[in-house]
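1. Any chance you can model this:
(2 chains)
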There are 2 protein chains.
Amino acid sequence: MSLIVQKYGGSSLADAKKIKNVAYRVAATSDAGNRVVVVVSAMGDTTDELVELAYSLTDQPPAREFDILLSTGEIVSSTLLAMTLEAMGYAAISLSGAQAGIKTDSAYSRARILGVNPKRIEKELDKDRIVIVAGFQGVTEDMDTTTLGRGGSDTTAVALAAGLKAEACHIYTDVEGIYTADPHLVTGAQSLAEIGYEEMLELATYGAKVMHPRAVELGELFNIPILVASSFKNSPGTLIHGGVSMEVRNKVSGIAHDLNVAKITVVGVPDRPGIASSIFEPLAEAGISVDTIVQNASIKNITDLTFTVAKGDLSRAMEVIRPIAESIDALQCASDSKLGKVSVIGTGMLNTPGFAAKMFSTLSREGINIQLITTSEIRITCIIDEAKVGEAVHALHRAFELEQAK
Amino acid sequence: MSLIVQKYGGSSLADAKKIKNVAYRVAATSDAGNRVVVVVSAMGDTTDELVELAYSLTDQPPAREFDILLSTGEIVSSTLLAMTLEAMGYAAISLSGAQAGIKTDSAYSRARILGVNPKRIEKELDKDRIVIVAGFQGVTEDMDTTTLGRGGSDTTAVALAAGLKAEACHIYTDVEGIYTADPHLVTGAQSLAEIGYEEMLELATYGAKVMHPRAVELGELFNIPILVASSFKNSPGTLIHGGVSMEVRNKVSGIAHDLNVAKITVVGVPDRPGIASSIFEPLAEAGISVDTIVQNASIKNITDLTFTVAKGDLSRAMEVIRPIAESIDALQCASDSKLGKVSVIGTGMLNTPGFAAKMFSTLSREGINIQLITTSEIRITCIIDEAKVGEAVHALHRAFELEQAK
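-> Modelled structure (predicted):
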């Protein structure tokens, strides 16, 4: 008897009809002879409504109270799914994150899972019950409820799959799987049959919103195969796993993009030790994440330092940077908020020079100017004009023949 | 430093403005130098909405899941009140029923409190925090959430006041206190300054909906003075306590009424041992509560047996009774669903014959026929025509001079 962990997102549980649809899918998995643990998100817009309620009372909801408030959304959907399964004649029980043994630190609103104690889940599975777990939440040592932040329910599912040594972890969502590019942008985008953890991580980090990177990381760490599939259609979905076959090595998996990019350039920085930290430490202290950093080759001990931040952080970042630039005798401080990034992701990127060359020549042929380039083992990213991102994704998707991808 | 437990009902927390109003009242209690524990109900219609959600999925929600679902309503309001107090500069923390140490049996939807372990509350009070507790809920030995049923949040408040040895328990609601009669019916109805536990119990059981009997019972058991007052006005309210002064002894406190009464008469019952149990045991097994029971004096070993049930139970009760009536050779089985009851409640009722005489003569003067009479130490109840209940309450309120009550 296999143990399967399934996760259903909020759009799959938005109303009574959709909850019943999910219940049928869970029941079918159980009927097929599996033991089933289901992780649920909050119904539809519930979380947004709870957030609004809190902000109608205070501009700065205390983190602990805010977490408890938000956690009720997943409790509600977990009980409703359990009820629906019971009404269909299946033994089911809902458990909160605390009852499911999701132990976290006390970093409210972005708590990290410290461990999983699945004793209660195992007890319920042994009674032949389908176990429904409220996602996105855990509990501190003091038994206070925490939430896991963005991608929280995916993380709950993968953590439980690891803690329970499940055979598989299914993430059901409103799309058919992981695509070679954003299907809203590229009509020819294909759903991948499989992808490795590393490439999925890069895809998730560099634009594909389907899976949160931390859930993928956790999957890789515990070697849990993760199937991402639609909760509405019976399409095969995408399997994220470690043992991707030889044939798909040295192959581009997809094109990711992100429009939330702003650039800051500090011009004429004296090139001496400690300069970089004098700029980036204050940014880190202000809670601003810096993405790409590029330092030009130094001429006469003077260099330009360029880096990117999220658009929403730009004005705060400039406030931090201006006095520092002055204090280190830099010449100027410039910013550009109308940027985007486009990334080609695949295995063996750096060992296969043809990939980079093809990316640059494709963009050049489209008349797209590359402002910055960064690379990893399995990714090449170009920062370009925001207005050109759509064109770039289309051209790259064609150039790497992803319409034929499997 | 006094410890005060306050409870606010759902209508007092129905929206952001009302939650802020409650926060001001809690803050004022804290500013006056008290340690404060606040018990909250769910906001406005939240519980009804959650019930509707469950019934949109199944006609018979499993009790355990239903309780967890409903319990989220009080969690939400507890976090919102804590946030609001924090925003006003007061240290506050919300606790679930489980965290507040409300231990119950596992009779879902009507769980009984087995004990209170207020360790966590005391720890938070010692940190000078205002503690907000989600009412209406507790937790079983297995850490499963339960709800306490009707009057649950009042019961939570009185139980916590007992467990914490609080100086006082304040129940804030949308009326000004306990009235001499239903103020919606009798314009001259007065809010009482004080009332004894026993009379309050009779009032609550026989029609006044402000306090649930079980909370009053608990207050009496642990001798907790309970103040019932308005959350909107600064009126003094009604103090329910045991040490009611000598002057208010032998005095009528109020007139209660209830329109939910149906009567069944089994005519021509052979008067032999075991007949009563052959009728009432099957009713109890069917879960039907029987209220008043009257057996006429037996003539030639034949008697009539009359009893009352809630209107909603009448048709089921008749289904149970008819075959029994036949089997014991009763002559006939009649029912009347258009009845109500009116009760005069006060201390020393039975020892002061004038009370009963005044009640009967008042009803008679109004041309109201009395169908059944029942009494207790502190109550006289008459079952009358439903259509006459309003008149009866008005006439009795005048006859016992309750417009002048204090």
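2. Let's see the distance spanning stretch A:106-117 from one end to the other.
-> End-to-end span of stretch A:106-117 (Cα to Cα, to the nearest Å): 17 Å.
3. May I see the buried residues of it?
-> Neighbour counts over stretch A:106-117 (16 or more other Cβ atoms under 10 Å in any protein chain shown) mark A:108-111, A:113, A:116 as buried. Quick note: C-beta positions are derived from backbone N, CA and C, even for glycine.
4. Next: stretch A:165-178.
-> So for stretch A:165-178, counting by 16+ other Cβ under 10 Å, buried means A:166, A:168-173, A:175-178.
5. what's the spacing between A:V26 and B:V39?
-> Remark: distance between A:V26 and B:V39 (Cβ to Cβ, to the nearest Å) = 37 Å.
6. who has more neighbours, the two?
-> Each of A:V26 and B:V39 has its neighbours counted (other Cβ atoms under 10 Å in any protein chain shown); B:V39 has more, 34 against 26.
7. On the three-state scheme, that one is what?
-> Per DSSP: H, G, I helix; E, B strand; the rest coil, the local secondary structure of B:V39 is strand.
8. And the strands in the stretch 101-250 of chain A?
-> Ranges of strands in the stretch 101-250 of chain A, per DSSP state E, counting those that start in this stretch, are A:102-104, A:113-116, A:130-134, A:137-139, A:145-147, A:168-173, A:194-196, A:226-230, A:238-241.
9. Lowest mean pLDDT across those, which one is that?
-> With a mean of 90, strand A:194-196 has the lowest mean pLDDT of the strands of the stretch 101-250 of chain A.
10. Pull up the pairing partners for it, direction included.
-> strand A:238-241 (parallel) (DSSP bridges).
11. quick check: mean pLDDT across the helix or strand just after the strand it pairs with?
-> Later in the chain than strand A:238-241, the nearest helix or strand by DSSP states H and E is strand A:252-270. Per-residue pLDDT values across strand A:252-270 average out to 90.
12. what residues does chain A put near chain B?
-> A:16, A:19-20, A:50, A:53-54, A:56-62, A:64-66, A:68-69, A:72, A:75-76, A:78-80, A:82-84, A:86-87, A:93-94, A:96, A:98-99, A:143-144 (Cβ under 8 Å from any Cβ of the partner chain).
13. Which segments of chain A make up each domain?
-> A:3-174, A:255-404 (automatic domain parsing).
14. now the end-to-end length of the first one.
-> Taking Cα to Cα, the first and last residues of domain A:3-174 lie 24 Å apart.
15. can you check the shortest one too?
-> End-to-end distance for domain A:255-404, by Cα to Cα: 14 Å.
16. and whichever residue of the stretch 101-250 of chain A sits closest to chain B, how far is that from A:I68?
-> Proximity of the stretch 101-250 of chain A to chain B (Cβ to the nearest Cβ) peaks at A:M143, 6.4 Å away. Applying Cβ to Cβ, the value for A:M143 to A:I68 is 11 Å.
17. These two: who's more crowded?
-> Between A:M143 and A:I68, A:I68 has the larger neighbour count (other Cβ under 10 Å), namely 28 against 13.
18. Now for the closest residue to chain B within the stretch 301-406 of chain A, how many residues are close by?
-> Nearest residue of the stretch 301-406 of chain A to chain B: A:R316, at 23.5 Å (Cβ to the nearest Cβ). Around A:R316 there are 14 other residues, counting by other Cβ under 10 Å.
19. now do A:N234
-> Residues near A:N234, counting by other Cβ under 10 Å, number 8.
20. And it, how far from A:S253?
-> Distance of A:N234 to A:S253, given as Cβ to Cβ: 24 Å.
21. pLDDT weak spots in the stretch 251-400 of chain A?
-> For the stretch 251-400 of chain A, residues meeting the criterion pLDDT under 70 lie at A:297, A:348, A:350-353.
22. ok, which stretches of it are strands?
-> Going by DSSP E, counting those that start in this stretch, the stretch 251-400 of chain A shows strands at A:252-270, A:290-295, A:302-309, A:332-346, A:370-376, A:379-385.
23. Deepest-packed of the domains of chain A, please.
-> Burial of those is given as mean neighbour count (mean count of other Cβ atoms under 10 Å in any protein chain shown); domain A:3-174 ranks first at a mean of 22.
24. about what we covered before: closest to B:L185 out of the domains of chain A?
-> Of all the domains of chain A, it is domain A:3-174 that lies closest to B:L185, at 36.3 Å by Cβ to Cβ.
25. The residue of the stretch 101-250 of chain A closest to chain B and B:A100 touch, don't they?
-> No - with contact defined as Cβ atoms under 8 Å, A:M143 and B:A100 do not form a contacting pair (11.5 Å).
26. For the residue of the stretch 251-400 of chain A at minimum distance from chain B, give me its contacts.
-> Nearest residue of the stretch 251-400 of chain A to chain B: A:G287, at 21.2 Å (Cβ to the nearest Cβ). Shown in contact with A:G287 (Cβ atoms under 8 Å, 6 or more residues apart in numbering or on different chains): no residues.
27. For it, give me the backbone phi and psi.
-> Phi and psi for A:G287, reported as degrees, to the nearest 10, are phi 80, psi 20.
28. circling back to that earlier point, need the max-distance pair from the buried residues of stretch A:106-117.
-> Among these, A:S109 and A:V116 lie farthest apart (Cβ to Cβ), at 20.2 Å.
29. where does A:A100 fall, helix, sheet strand or coil?
-> Put simply, A:A100 is coil when judged by three-state DSSP.
30. Now do the contacts for it.
-> By Cβ under 8 Å, 6+ apart, the contact list for A:A100 reads A:116, A:118, A:120-121, A:131, A:133-134, A:156, A:160.
31. What pLDDT does the model give it?
-> If you check A:A100, the pLDDT there is 97.
32. And it, how close does it get to B:E124?
-> A:A100 is 26 Å from B:E124, where distance means Cβ to Cβ.
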